[in-house]
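Chemist: Okay, here's the prediction I keep looking at, along with the sequence it came from:
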Amino acid sequence: MTQVRTKLANLWHTKYPIMSHHPLSLFIMKLGYLSIIVTLLIWASFFLSLKGGANSDLTPADIALTRFLIPALVLLPLMWKARSTIAAVPNRYLAGMFVGCGLPYLLVAGTAMQFVPVSHGSALVPGTLPLFVTGIAVLFFKQPLSRHRVVGLGLVLLGILLFLGNSLSSFNFEYTKGHLLFLCGSLMWATFTISARVANLNALVSAGFISFCSTLLLLVLILTGTLPSHLMSTPIAQWPVTELAVHSAVQGVGAGLIAAFTYLYAVNTLGAERSAAFGSATPAVATLLAIPLFNEIPDTMTWLALGSICIGSLVASNIFMRNDQSMQYQPPSHSKA
């Protein structure tokens with residue numbers, strides 16, 4: 001009789017794993033949602049930090065220093081331990097990771113934010129990312145494309161056209177310049193996403209490698225005068241210490257370290273599709289936070305473009321189509337062996 005009860009209990013646990021450990025599963029699920037909310041706030045704060053830097057005397061090089069220096073120092077031991085694994089990755093994927101997420105990307109994004117509001121930048125990078133990632137995956141890795149994803153990406157493309165059309169029709173070429181730079185940044189980030197997926201490195205090792213290389217190159221460019229730096233031309237006693245601390249917390253600690261943990265935990269707990277769906281809300285959160293912080297009140301066309309990109313990104317995230325066969329596709333992955 002005991003053996004029968006044991007078999008029935010095992011069968012129940014196998015068939016209803018969440019119900020069998022309901023309190024623990026509920027707690028883990030809550031932690032997953034908390035993690036993705038923290039990640040969402042950090043991603044939104046990243047664009048707010050860029051705008052704050054654009055409105056101050058700090059240059060994009062100074063903001064980049066706050067972004068990469070802390071992660072480079074903290075993750076250096078981990079990166080050194082994994083140096084042989086990093087060396088085994090083909091150079092083209094390491095270069096794609098560095099260009100797409102390292103110093104080149106941040107300089108492009110930081111420069112772009114000098115021309116447009118937060119709502120435009122936050123929509124044109126994370127919002128259009130699915131469009132570029134899918135384009136690269138389809139063209140170079142032959143990933144299948146489902147009908148509902150085409151609809152989602154079509155809405156993203158419509159939002160891009162609304163942004164560009166609005167700036168061109170009003171002859172606001174400063175906005176157009178910012179839009180094109182942010183689209184370039186989104187393409188760079190898509191290159192990083194594909195390269196990191198194929199390189200198959202640990203997320204923190206990747207972050208350490210990118211931050212270390214970016215810090216070295218940044219210091220060389222600043223010390224040689226290639227990149228202008230407010231910090232280099234200003235006595236230390238006159239540095240904006242409070243502002244630097246805020247940027248270091250948001251960029252270095254938040255985007256560089258904490259978001260790596262929270263997003264990975266959310267993906268493992270909630271799944272990639274649900275996490276991506278939450279990520280599509282980044283533009284809306286950043287836009288709402290920019291209203292009280294920078295007094296940036298979007299016009300009607302901006303809200304329409306923002307809504308089109310957010311909804312399109314949400315649809316393209318596959319949250320509504322769990323049985324989509326294209327989601328079973330796995331891109332080629334560089335072996336760690």
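Modeler: Happy to help now that I have it. Numbers count the residues shown, from 1 in each chain.
Chemist: Now do the helices in the stretch 1-150 of the chain.
Modeler: 2-15, 17-20, 22-54, 60-81, 83-87, 91-101, 103-112, 118-122, 129-141, 147-169 (DSSP state H, counting those that start in this stretch).
Chemist: Mind checking the pLDDT average for the third one?
Modeler: Per-residue pLDDT over helix 22-54 has a mean of 87.
Chemist: before we move on, what about the first one?
Modeler: When the per-residue pLDDT values of helix 2-15 are averaged, the result is 42.
Chemist: Out of the helices of the stretch 1-150 of the chain, which is closest to Leu270?
Modeler: Nearest to Leu270 among those is helix 22-54 (4.5 Å), distances taken as C-beta to C-beta. (Each C-beta comes from the backbone N, C-alpha and C, glycine too.)
Chemist: Give the full set of residues in contact with Phe261.
Modeler: Phe261 makes contacts with Ser35, as judged by C-beta atoms under 8 Å, 6 or more residues apart in numbering.
Chemist: Tell me the buried residues in the helix or strand harbouring it?
Modeler: Using DSSP states H and E, Phe261 sits within helix 259-270. Using 16 or more other C-beta atoms under 10 Å as the test for burial, helix 259-270 gives Ala259, Ala260, Thr262, Tyr263, Leu264, Tyr265, Ala266, Val267, Thr269, Leu270.
Chemist: How about stretch 246-263?
Modeler: Buried positions in stretch 246-263, judged by neighbour count with 16+ other C-beta under 10 Å: 246-260, 262-263.
Chemist: chain center to it: distance?
Modeler: 11 Å (C-alpha atoms, centre = their mean, to the nearest Å).
Chemist: what about it, start to end distance?
Modeler: 22 Å (C-alpha to C-alpha, to the nearest Å).
Chemist: picking up where we left off before, could you identify which of the helices of the stretch 1-150 of the chain is most buried?
Modeler: Mean neighbour count, computed with mean count of other C-beta atoms under 10 Å, is highest for helix 118-122 among the helices of the stretch 1-150 of the chain, reaching a mean of 28.
Chemist: helices or strands up against it?
Modeler: The elements that helix 118-122 packs onto, with contact taken as 3 or more C-beta pairs under 8 Å, 6 or more residues apart in numbering; DSSP states H and E, are helix 22-54, helix 173-199, helix 282-294, helix 300-316.
Chemist: mind redoing it with 10 Å?
Modeler: Under the contact criterion of 3 or more C-beta pairs under 10 Å, 6 or more residues apart in numbering; DSSP states H and E, helix 118-122 touches helix 22-54, helix 103-112, helix 147-169, helix 173-199, helix 282-294, helix 300-316.
Chemist: Would you mind telling me which of the ones you listed is nearest Leu223?
Modeler: Per C-beta to C-beta, nearest to Leu223 of the helices and strands packed on helix 118-122: helix 103-112, 14.3 Å.
Chemist: for the buried residues of helix 259-270, which one is nearest Ala190?
Modeler: Using C-beta to C-beta, Tyr263 comes nearest to Ala190 of the buried residues of helix 259-270, at 16.8 Å.
Chemist: From Ala266, how far out is Ile42?
Modeler: 12 Å (C-beta to C-beta, to the nearest Å).
Chemist: now Leu162
Modeler: For Leu162, the distance to Ala266 - C-beta to C-beta - is 30 Å.
Chemist: Kindly report the same for Gly312.
Modeler: Separation of Gly312 from Ala266 (C-beta to C-beta): 21 Å.
Chemist: next one: Leu94
Modeler: Taking C-beta to C-beta, one finds Leu94 at 26 Å from Ala266.
Chemist: I'd like to know how far Val246 sits from Val108.
Modeler: Noted for Val246: a distance of 22 Å to Val108, by C-beta to C-beta.
Chemist: Gly121 now?
Modeler: 11 Å.
Chemist: tell me, what's touching those two both at once?
Modeler: The overlap between the contact sets of Gly121 and Val108 (C-beta atoms under 10 Å, 6 or more residues apart in numbering) consists of Leu181, Phe182, Gly185.
Chemist: Please report the distance of the second one from Ser167.
Modeler: Taking C-beta to C-beta as the measure, Phe182 and Ser167 are separated by 12 Å.
Chemist: where do the contact lists of these two overlap?
Modeler: Phe115, Val116, His120.
Chemist: Can you tell me the closest non-neighbouring residue to the second one?
Modeler: Taking C-beta to C-beta, 6 or more residues apart in numbering as the measure, Val116 lies nearest to Gly178, with 3.5 Å between them; neighbours along the chain are not counted.
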